[in-house]
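Novice: Got a predicted model here, sequence first, then my questions.
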There are 2 protein chains.
Amino acid sequence: MTENIECMENMERIGTQNRRTEIEVTKLSDYIGELVTLHGSIYKIRKMSGFSFAILRTARYTVQCVCDRQEVLGQLQEEACVELTAEVVEEERAKAGAELHITEVSVLSRPTAQMPIVMNQKLIETSLENKLDYRPLTLRNEKERAVFKIQEGLLRGIRYFLQAEGFTEIHSPKIVYAGAEGGANIFKLDYFGKEAYLAQSPQFYKQMMVGVFERVFEAGPVFRAEKHDTARHLNEYTGVDFEMGYIHSFREIMETETRMLQAAFELLREEYAYELELLKVQLPCGMRKTGVEEAAFKPLHQEYADAAGFEIPALKFSEAKALLREHSKGTAQADSKKESHDFDPEEEKLLSEIIFRETGSDFVFVTHYPSDKRPFYAMDDPENSEETLSFDLLFRGLEITTGGQRIHDYEMQVEKMKNRGMNVEAFESYLMMHKHGMPPHGGLGIGLERLTARLLGYDNVRQASLFPRDIHRLEP
Amino acid sequence: MTENIECMENMERIGTQNRRTEIEVTKLSDYIGELVTLHGSIYKIRKMSGFSFAILRTARYTVQCVCDRQEVLGQLQEEACVELTAEVVEEERAKAGAELHITEVSVLSRPTAQMPIVMNQKLIETSLENKLDYRPLTLRNEKERAVFKIQEGLLRGIRYFLQAEGFTEIHSPKIVYAGAEGGANIFKLDYFGKEAYLAQSPQFYKQMMVGVFERVFEAGPVFRAEKHDTARHLNEYTGVDFEMGYIHSFREIMETETRMLQAAFELLREEYAYELELLKVQLPCGMRKTGVEEAAFKPLHQEYADAAGFEIPALKFSEAKALLREHSKGTAQADSKKESHDFDPEEEKLLSEIIFRETGSDFVFVTHYPSDKRPFYAMDDPENSEETLSFDLLFRGLEITTGGQRIHDYEMQVEKMKNRGMNVEAFESYLMMHKHGMPPHGGLGIGLERLTARLLGYDNVRQASLFPRDIHRLEP
């Protein structure tokens, strides 16, 4: 063509080459006797007499290297980024059944300062606050980072499950015109001169999308301006929300969650064995089968042989309260709390303990929460308007899910809002879906950090957030 | 056990039942002669003489139903949610090769008002603003919602690809202490008395995480307080960001993106044929092979037979500018723009057109952007410090990606910041990673809405955002 100028003729072509060099360290023994090239950071150096051990940290694993060449040894330094060539040598004492004997090393970059914190030991021995202050460094610790591989695995399992079940993944706005959960714990924002808020949940949008796709889910940030400074609260966390239409009972939501959790744990067992072993994680137990006492406490994955599958016990809020009263009879606590329409953290713990003892289950659903403690969109129980068709899921002593059936009828929704003294007109764009036809529906929200923290047995949910945000912490 | 009280004995067990009833409408002809039960919304009713057609909208499909029973007909209403039982009858004129003859219907809910907008025709004939005002309703249109199935498919393809390539998915905070991209277009927030911002990108965090996992990605909201009111800008969009360590050249980032896009389009072709057909989408073309003129313009998926794979042409920013000058010689535009260090929208369009004509490719990489137009973390070209090792990807006339290699050396980064008059101390937590060792790395960010909009041939990016946010729009 006449329009060609020189640069067109010499134009580069960006194709589809693949240059990854990492070998799977768990399969290192497949390479015994071979020369391999791989890259990573020098995690730890241990000088012996006449040689050194150097632990290489790769994208997912750590691998033991041996180096006895002086010209190579002189180059090694902790947290240097390197490419190395090495022979794979059988070594029974090494975790992978083999180790690497370094023959060549090329240093790509070096740290310019001493580490302000020792991060390459088995445990980082310092306060949580200190760990979080140095998060970009402390996450390089193999156990610290494994937490977030497990978190990745949980969400992958959840996604695979929901997609297979016909849920469509959506992305709803985080800058919103109204808070879905009400209350004061909402961040305000100036939006080109208008007052806007950060979404406390994708509640309104996922409901709207049930009118479009029947079943939807979202995994994204949610924001709560809670001033609580506790081990259970974050001001920004990753919410995993789903919402499903055409339900016949709110129990279907709980059944779906049960299967979803089972799928997520199964994916962990299959693909994250390295991290589960590193962190000594015990996968959770479901409810033991009726009449099968000896099956109690067996790990989830063994249940797969069982046609009945994983089960989670469920009891009503009022029954749970009664159970708690029974257990704390005679204590001062019992009397002061019996009128509360919610659980406090101690009650959640105690309830989980009782249920675990009685049924073997690490989880328990609590259903039929009192209406006055649930949001305006919660469906009241037609048999008792003081209670809602709602539930929480407790996992090893901590609430990780809130869910329930929503009101789908326009008149019913407007009436409930009026009874609560809400300004119905302010919710016109929310109520549009009810006015023009919605199926019976419901859903839930899970806190991904809470799920991760309880799975790993951490008391503080911050340990399961990469860069947590709390009332005192905005950095890093 | 002695602690048992009555409610424990009657405790419910939430198991793993599955009650989905939807049949895949694309396979309807497999069920000919059978009675099926399914649910959905009545999308459209067309009265004929003696019977009616009713189009049922299910979670993903629409299906033609025929109804001639008076007692059933009387129940049907557009946007009513129903469960119905029907016989599958062969019908060549129906899209699925069969239609449903309704025998029973159960109405689950009814709309309480007339639709304010006609949303069940092939096209919704109204302004974009109107469509967006009624978004919870207009998204029920089968073509409108198909846009977001395709968007789902793109992100699924991207995720599968990145996971297979060893990238770890992360969740970084959206409330941040400093903006990564600089400039005035940042939303401010009061964070318990401190000034905070909404993240313009996960840039700082994904770099930190390269020091941890080598390769990471994130798909999440990003916020830009741009006052531009254009068809190309959103104030909140879904950013797909990845960052990879141990690169030898910034071209590896472009190669990875090329393969990633190829994987995403391939997944669409395999799993979203229904929506691609509904929206008449032409999957994009790569560069035609040298000397294979007749291969020009062939759709991407046919290229799979080709060992060389999909290729995208790349040219330098300065070359692209020269090419554009060549093409607009003698016009007034040419002279006024030749000094600009960026492209304007018309230039992006023209450049894409030229490249398409010359190479057959719907995409073009532009590399080596001038340093003064790129952020402080961009790596300058060691051969020419006026240029950066960076790139944009244009797709059918619109920039959809910005990426490049980042500075990994601490001294180099600090020097560049000082040269720009930045307060280095304010970035202490960002610079921690550089100080303590980072591999050579780089990455990119894609705007998911822009990618979707260009794939579908939409001029306005709002059409590819479920609930867009712009300077005038905060609702619904």
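Specialist: Perfect, I can see it now. Being a predicted model, the structure only gives us computed values, none of them experimental.

Novice: Next, A:Val105: secondary structure please.
Specialist: Recorded secondary structure, A:Val105: strand (DSSP: H, G, I helix; E, B strand; the rest coil).

Novice: Roughly how far does A:Arg406 sit from A:Met208?
Specialist: To A:Met208, A:Arg406 is 11 Å away according to CB to CB, to the nearest Å. To be clear about C-beta, it is placed using only N, CA and C from the backbone, and glycine gets the same treatment.

Novice: Which helix or strand contains A:Glu415?
Specialist: helix A:410-419 (DSSP states H and E).

Novice: List the buried residues for that helix?
Specialist: For helix A:410-419, the neighbour count (16 or more other CB atoms under 10 Å in any protein chain shown) marks A:410, A:413-414, A:416-417 as buried.

Novice: and it, is it in reach of chain B?
Specialist: Yes. Under the criterion of CB under 8 Å from any CB of the partner chain, chain B is reached by helix A:410-419 at A:410-411.

Novice: what's next to that helix, contact-wise?
Specialist: A:376-377, A:380, A:407, A:424, A:427, A:431, A:434-435, B:112-113 (CB atoms under 8 Å, 6 or more residues apart in numbering or on different chains).

Novice: Give the next helix or strand downstream of it.
Specialist: For helix A:410-419, the following helix or strand on the C-terminal side (DSSP H and E) is helix A:428-435.

Novice: Can you give me the buried ones in that following helix?
Specialist: For helix A:428-435, by 16+ other CB under 10 Å, it's A:429-435.

Novice: and of these, the nearest to B:Glu24?
Specialist: A:Met433 (26.1 Å; CB to CB).

Novice: Among the buried residues of helix A:428-435, show me the least confident.
Specialist: Within the buried residues of helix A:428-435, A:Ser429 has the lowest pLDDT, namely 93.

Novice: residues contacting that one?
Specialist: Here A:Ser429 is in contact with A:177, B:136, B:475-476 (CB under 8 Å, 6+ apart).

Novice: Those: which two are farthest apart?
Specialist: Counting by CB to CB, the most remote pair of the contacts of A:Ser429 is A:Tyr177 and B:Pro136, 13.5 Å apart.

Novice: which residues are in contact with both of these two?
Specialist: Counting by CB under 8 Å, 6+ apart, the residues touching both A:Tyr177 and B:Pro136 are A:429, B:476.

Novice: What ranges does the stretch 1-150 of chain A have for its helices?
Specialist: Assigned by DSSP state H, counting those that start in this stretch, the stretch 1-150 of chain A shows helices spanning A:6-9, A:70-73, A:128-133, A:135-138, A:142-164.

Novice: follow-up on the earlier one: ok, the buried residues of helix A:428-435 vs chain B, which is closest?
Specialist: Closest approach to chain B among these (CB to the nearest CB): A:Ser429, at 3.5 Å.

Novice: which one is A:Ser390 nearest to, not counting chain neighbours?
Specialist: Excluding the flanking residues, the one nearest A:Ser390 by CB to CB, 6 or more residues apart in numbering or on different chains is A:Gly404, at 3.0 Å.

Novice: contacting residues for that neighbour?
Specialist: A:Gly404 is in contact with A:250, A:253, A:369, A:374, A:378-379, A:388-391, A:442, A:444, counting by CB under 8 Å, 6+ apart.

Novice: Doesn't it lie inside a helix?
Specialist: No. Under three-state DSSP, A:Gly404 sits outside any helix and is assigned strand.

Novice: Okay, now stretch A:228-236: how far is its last residue from its first?
Specialist: End-to-end distance for stretch A:228-236: 13 Å, by CA to CA, to the nearest Å.
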